[in-house]
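Colleague: model this:
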Amino acid sequence: MAYRNGASLPSDGLRPGTVVALLAVGLLVVALLGTVPAASGTSNGTGTVENRSSDATKADARILEAYPNPHADGDPGEYVVLEVPTDGNWTLTDGTTTVEIPDRTGRFAVSTEPEIAAEFAEVPVYGLEGRLRLADDGETLRLSENGTTKDEISYGRAPVGARWLREDGELVREPDADGGWRADGFRPRKPENFENVSGRAFVLPDAPGEPVAPIREADDRVYLAAYTLESWRLADALAAAAERGVTVRVLLEGSPVGGATETQAAVLRFLDRQGIDVRVLDGEYTRYTYHHAK
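Modeller: This next block holds a predicted model:
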């Protein structure tokens with residue numbers, strides 16, 4: 001086995017005794033190396049040893065995400081996100097059908113309809129040959145190498161348009177096995193810090209003009225997020241902004257305490273007739289559980 005030293009020795013200045021000492025040290029190192037157990041592996045014919053991945057390394061292979069129940073009929077774009085550390089004969093099975101995993105390492109998704117799945121997945125998507133249909137009412141998926149299971153996950157009934165994420169700490173629904181469901185489109189955001197900015201506090205109904213003034217002055221866009229909306233003065237300001245070309249969008253809580261009033265219903269119908277994008281956060285497919293803007 002050859003050894004290299006990155007530092008070069010000067011051609012002069014070494015006494016014979018120094019050379020003998022260096023040779024002795026080299027022989028001692030070789031002798032000590034001979035007592036160390038050899039690494040597991042096979043020779044590649046060049047004198048070096050190729051280490052095989054240990055079981056501990058291969059155990060890091062994981063199933064990270066499953067998307068079994070897309071919105072559209074027939075569940076187009078189903079996918080599974082995997083983390084594969086090494087090349088090998090990897091397969092994925094649901095107990096009924098088994099598919100071979102493409103020769104890829106790292107974190108990626110696999111799907112029988114990769115073009116559609118790529119619209120939802122946040123990692124590269126590769127196509128699968130064969131048939132793998134994820135059950136909407138729950139099942140167990142196993143990731144194997146050479147027939148040996150390296151990881152498996154189980155999920156329960158899949159909400160429409162939700163992704164099962166492994167060990168995710170910010171789920172919008174209750175955990176399921178060792179992961180949980182997150183509505184498609186839900187992306188947790190970390191708080192941002194701003195400096196050298198100013199703000200002005202006001203109290204309603206004492207200062208009714210404060211929230212209307214920025215809308216009347218807007219020349220680009222107005223995004224209004226509120227718990228409820230019953231103000232006709234505010235509605236008129238939004239309609240006027242939209243009429244002069246400002247992009248106006250309104251988002252409200254869909255299930256406020258006590259329900260929506262008749263006044264709010266009339267205001268929202270008016271805004272809709274003005275061509276303003278009005279949405280309420282409610283229903284089975286909501287990305288967030290509550291919308292309680294202050």
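
Colleague: show me the chain divided up by domain.
Modeller: With domains defined by automatic domain parsing, the chain comprises 57-183, 213-281.

Colleague: just name the most buried of those.
Modeller: The highest average neighbour count among those, using mean count of other CB atoms under 10 Å, belongs to domain 57-183 at a mean of 17. In this view, the C-beta of every residue, glycine as well, is placed from N, C-alpha and C.

Colleague: okay, now the unreliable bits of the protein?
Modeller: Residues of the chain meeting the criterion pLDDT under 70: 1-59, 168-170, 172-173, 177, 293-294.

Colleague: and A201, how far is that from E262?
Modeller: 31 Å (CB to CB, to the nearest Å).

Colleague: my read is A242 is in a strand, agree?
Modeller: No - A242: not assigned to a strand; according to DSSP: H, G, I helix; E, B strand; the rest coil it is helix.

Colleague: am I right that it is in contact with Q274?
Modeller: Yes - contact status for A242 versus Q274: in contact at 5.6 Å, counting by CB atoms under 8 Å.

Colleague: nearest spatial neighbour of S144, skipping sequence neighbours?
Modeller: T91 (5.1 Å; CB to CB, 6 or more residues apart in numbering).

Colleague: helix or strand: which one has that neighbour?
Modeller: strand 90-93 (DSSP states H and E).

Colleague: same question for D272.
Modeller: Per DSSP H and E: helix 262-273 holds D272.

Colleague: now do that helix: distance to the chain's middle.
Modeller: Distance, stretch centre to chain centre, for helix 262-273: 37 Å (CA atoms, centre = their mean, to the nearest Å).

Colleague: re earlier: what's the strand holding T91 packed up against?
Modeller: Other elements packing on strand 90-93 under the criterion 3 or more CB pairs under 8 Å, 6 or more residues apart in numbering; DSSP states H and E are strand 79-84, strand 98-100, strand 139-145.

Colleague: between strand 79-84 and the helix or strand that the longest one is followed by, find me the angle.
Modeller: Read that as strand 139-145. Where DSSP H and E defines the elements, the next helix or strand beyond strand 139-145 is strand 148-155. Orientation of strand 148-155 against strand 79-84 (axes from the mean of the first three to the mean of the last three CA atoms, to 10 degrees) gives an angle of 140 degrees.
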